[in-house]
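*Asks:* coordinates for the following, if possible.
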Amino acid sequence: QTRWRIDCPQRNMIMHWWPLVLLSSIIYYDVVVGQSYTYFAPQSPVWSYSFATTGNYNGWTILAGDSSQFAIVSGGYNGKSALKITSTGNALLNYNIDLSKYYDCQVVIQARIKASGITKPSVSYNGIKAMLVQTAPDGTQSYDNVGGLYGTFDWNDNIVTLVVPVFSKISSATVTIGMQDCSGTLYVDNISLVIFKSRPLAIPSSPVPYTGHKADRFRGVMYTGEYVAKDFTDLKTWGINLMRWPLGNDSLNGVSDVNQWNKWFTGRLTLLKTALDAAQTNGFKLAIDMHTSPGGYDTTTGDVLVFLNQTLQDRFVSAWKEIATKCKGHPALWGYDLLNEPLQYKPSPPGVLQWQQLANKTAYAIREVDKTATIIVEAEVGGGPDGFKYLIPIDDPLTVYSVHMYLPYNFTFQGIPNSGYSVGLQYPSAGTGDINTLRSYLQPVRNWARYFNKHIYVGEFSAIRWAYNSTAVNWLTDAISVFEENAWDWSYHCFREYEGWDVERGENQNDLTVLSTTKRKQLLLSRFSVNQNPYA
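*Replies:* Numbers count the residues shown, from 1 in each chain. Below you'll find the model as predicted:
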């Protein structure tokens, strides 16, 4: 298993027209302790207009074209009426809406449309328009449109779905429907906005954050998800008090056949018991990480398939119940890390739960079996810091929350094959920042933890060993310092897995010699040396 896939690519916040926008570039807000926020449940309505129901387009203004190009006609979806738009170049309608109370939420534009002979536009962001335009008080605008739609298709062939982050401060918003830079005929049944993700909900918490252990800190490593006896005894000498042990199999990513996943999972459960026993023997605890959920992730789109498929989602919940049945009460068990780097690019289908809801349902299922073990929840997007801007605590009080830290990618991932980042940046530097830069990356997590009074576990962090000028150790030193100053638990990624993260190999990318010591290994050992016995 090689952990180097980049889960959080960035996108342009000013002009973007991709059909399924990536969710990592979310406008940041500072959580102010004591401030209340209204929570909006996923799929709750924000605004809608049904041409089929109203039989008119009152309230819409013509942005491009003239009234002869817009008409309500029969023969719409399910035999109802629809808005017919004809164009020989441009035909656009605008509708002004108020999004002010939905600031910092993410909404989904949904439109049911039919097209006949719509020509290909000269640029990809034109063609059929189902667009949300936002304007901030300083004049900044965003134009979120599905883009790239043209041709001929029926009602059942294309339902526009587009995820859009709402500005933190918004002075106006407009929905635009029609065609730009193309000719043809478009029919529109309805268009609406619904909630995809809400801003956080203030939930009362206990005066002291729950950690799930008595040690001052968990400091450890992530492992491979296998069992090699020497690795466990070596880690005892290293002084770790926590191992993150993944249930992972990259070959199952994109495989929706539950039977294949079940066959692999059954074998993992047996090995898991062996790992727990060995952890107890060697004096450290185990965090069990669901690294490959049923179906894994789509290798083309990156979608985690449990968010899109009811069968896979049901198996995910029942699998955790099996794990809890197998592991409950084991002295080495710290907790259940429900899903590694949850990543959802688009809304779940009707009846299928999004991550926040699924995490709650899974926790309830675990508690039917195991009342006391820690539950670990990672934030979507991809376990990264930005996901904490939208995360709300689940209902279970015995829960800690996990973040993964690899920022900035241009430094930590440099030289990894197919990563897109070439070797050449050192840390600290103008191109990578310094410890204050790392603090700023993690500020959403710190704000969230203080606001909700929750404990944080850094489940993964690393910098590639061949980082320019042997400066990976500098980044690791500063990252750990930030974790420690916030009293967060942490586990280094990774022990004897992908050679790029291996602290037992040197800084030469082409030299795979295992060394008795490196500066990066010395750093970890020095931090492990202050660990407390987790069984005391």
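*Asks:* tell me where this protein has helices.
*Replies:* Under the criterion DSSP state H, the chain contains helices at 51-54, 229-238, 258-281, 310-327, 355-367, 409-412, 435-452, 472-485, 519-528.
*Asks:* reformat the ones you listed as a markdown table; add mean pLDDT, mean neighbour count and distance to residue 172.
*Replies:* C-beta coordinates here come from the backbone N, C-alpha and C atoms, glycine included. Formatted as a markdown table, those follow (pLDDT from 0 to 100; neighbours: other CB atoms under 10 Å; distance: least, CB to CB, whole Å):
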| stretch | mean pLDDT | mean neighbour count | distance to residue 172 |
| --- | --- | --- | --- |
| helix 51-54 | 83 | 17 | 23 |
| helix 229-238 | 98 | 15 | 57 |
| helix 258-281 | 96 | 16 | 48 |
| helix 310-327 | 97 | 19 | 38 |
| helix 355-367 | 94 | 20 | 29 |
| helix 409-412 | 98 | 21 | 35 |
| helix 435-452 | 95 | 19 | 27 |
| helix 472-485 | 98 | 20 | 39 |
| helix 519-528 | 98 | 18 | 51 |
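*Asks:* residue 196 is nearest to which of those?
*Replies:* Closest to residue 196 of these is helix 355-367 (CB to CB; 10.7 Å).
*Asks:* tell me what the closest one is packed against?
*Replies:* helix 310-327, strand 374-378 (3 or more CB pairs under 8 Å, 6 or more residues apart in numbering; DSSP states H and E).
*Asks:* just to revisit the earlier point, would you format the helices of the chain as CSV with distance to residue 535 included?
*Replies:* Output for the helices of the chain, formatted as CSV (distance: least, CB to CB, whole Å):
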stretch, distance to residue 535
helix 51-54, 65
helix 229-238, 13
helix 258-281, 8
helix 310-327, 16
helix 355-367, 23
helix 409-412, 33
helix 435-452, 26
helix 472-485, 22
helix 519-528, 16
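*Asks:* residue 180 is nearest to which of these?
*Replies:* Per CB to CB, nearest to residue 180 of the helices of the chain: helix 51-54, 19.4 Å.
*Asks:* tell me what the closest one is packed against?
*Replies:* With contacts defined as 3+ CB pairs under 8 Å, 6+ apart, helix 51-54 has these neighbours: strand 82-87, strand 184-197.
*Asks:* which other residues reach the first one?
*Replies:* Among residues not part of strand 82-87, those counted as contacts by CB atoms under 8 Å, 6 or more residues apart in numbering are 51-52, 57, 65, 69-73, 75-76, 91, 93, 114, 118, 177-179, 182-189.
*Asks:* and the helices of the chain: which comes nearest residue 129?
*Replies:* helix 51-54 (15.3 Å).
*Asks:* just the CA atoms of that closest one, as PDB, please.
*Replies:* In PDB, the C-alpha atoms belonging to helix 51-54 read as follows (Å, rounded to 0.1, in the frame of the first residue of the first chain):
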ATOM      1  CA  PHE A  51     -41.900  26.100 -14.200                       C
ATOM      2  CA  ALA A  52     -44.100  23.000 -14.300                       C
ATOM      3  CA  THR A  53     -46.000  24.100 -11.200                       C
ATOM      4  CA  THR A  54     -46.200  27.900 -11.700                       C
END
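*Asks:* all further residue positions should be reported with the first residue as 24.
*Replies:* Will do, 24 is the new start, and the previous item becomes helix 74-77.
*Asks:* distance of the residue nearest the centre of the chain from residue 99?
*Replies:* Geometric centre of the chain, nearest residue: residue 404, 1.7 Å, by CA atoms, centre = their mean. Counting by CB to CB, to the nearest Å, the gap from residue 404 to residue 99 is 37 Å.
*Asks:* related to what we said a few turns ago, okay if I get the helices and strands packed on helix 378-390 as a markdown table plus distance to residue 324?
*Replies:* Listed next are the helices and strands packed on helix 378-390 as a markdown table, based on distance: least, CB to CB, whole Å:
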| stretch | distance to residue 324 |
| --- | --- |
| helix 333-350 | 15 |
| strand 397-401 | 20 |
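*Asks:* compare the ones you listed and give me the one nearest residue 362.
*Replies:* That would be strand 397-401 among the helices and strands packed on helix 378-390, by CB to CB, at 6.5 Å.
*Asks:* the closest one to helix 378-390, inter-axis angle?
*Replies:* Counting by axes from the mean of the first three to the mean of the last three CA atoms, to 10 degrees, strand 397-401 points 160 degrees away from the direction of helix 378-390.
*Asks:* ok, back up a step: and of the helices and strands packed on helix 378-390, who's closest to residue 498?
*Replies:* Of all the helices and strands packed on helix 378-390, strand 397-401 comes closest under CB to CB, at 21.6 Å.
*Asks:* give me the sheet partners of the closest one and which way each runs.
*Replies:* Using DSSP bridges, strand 397-401 pairs in its sheet with strand 356-360 (parallel), strand 422-428 (parallel).
*Asks:* what's the first one in contact with?
*Replies:* Residues external to strand 356-360 that are found in contact with it (CB under 8 Å, 6+ apart): 235-236, 241, 265, 267, 299, 308-313, 343, 346-347, 350, 389, 396-399, 401, 423, 425, 482, 557.
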